[in-house]
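Novice: Have a look; sequence and predicted model below, questions after that.
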Amino acid sequence: MVLVTVTGLGGCVFGLVAVRYEVGLLRRGIRVDARVVGVRQYEDGDGGMNFRPIVAFTLPDGAEVRGESHSRIHEYQPPETISVVYDPRHPAGFSEGTHLLVFGLVLIGSVGMVLFGGWSLLT
């Protein structure tokens with residue numbers, strides 16, 4: 001039960017940091033349409049194939065930002081467009097959307113692990 005509690009505490013810290021980052025991106029982020037300029041294909045540990053789009057978008061000052069998405073999503077083909085949110089202070093830090101729900105569930109599950117582990121240690 002100590003392992004459950006420690007793992008839960010680690011998940012709580014990760015969840016809090018991730019939720020804070022996503023909320024910050026929502027507050028200051030700018031949504032733009034990005035062009036898919038390529039797709040990186042890679043194999044996961046189970047032998048399945050995953051795809052990550054390589055996208056490009058133009059900032060208001062005319063500079064182009066190009067980068068690989070960090071979300072595993074279905075296969076996109078150039079010249080499709082994807083809506084992305086970027087941080088104006090660090091445009092290379094972009095996302096197709098927020099992962100707030102996922103990180104919130106991690107946080108809630110981690111809190112549950114801490115409560116379950118702590119309760120089990122006390123009884």
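Specialist: Looks like it came in fine. Residues are numbered from 1 along each chain as shown.
Novice: Determine the number of other residues adjacent to the residue lying closest to Pro78 once chain neighbours are set aside.
Specialist: Nearest residue to Pro78, sequence neighbours excluded (Cβ to Cβ, 6 or more residues apart in numbering): Val36, at 5.0 Å. Just so you know, the C-beta spots here come from the backbone N, C-alpha and C atoms, and that holds for glycine as well. A count of nearby residues for Val36, using other Cβ atoms under 10 Å, gives 18.
Novice: Verify the stated contact: Val36 with Ser83.
Specialist: No: in this structure, Val36 is not within contact of Ser83 by Cβ atoms under 8 Å, at 11.6 Å.
Novice: a strand runs through the residue nearest to Pro78, doesn't it?
Specialist: Yes: counting by DSSP: H, G, I helix; E, B strand; the rest coil, Val36 falls inside a strand.
Novice: For it, name its beta-bridge partners.
Specialist: Val55 (DSSP bridges).
Novice: any idea how far it is from Leu26?
Specialist: Look at Val36 and Leu26: by Cβ to Cβ, to the nearest Å, they are 23 Å apart.
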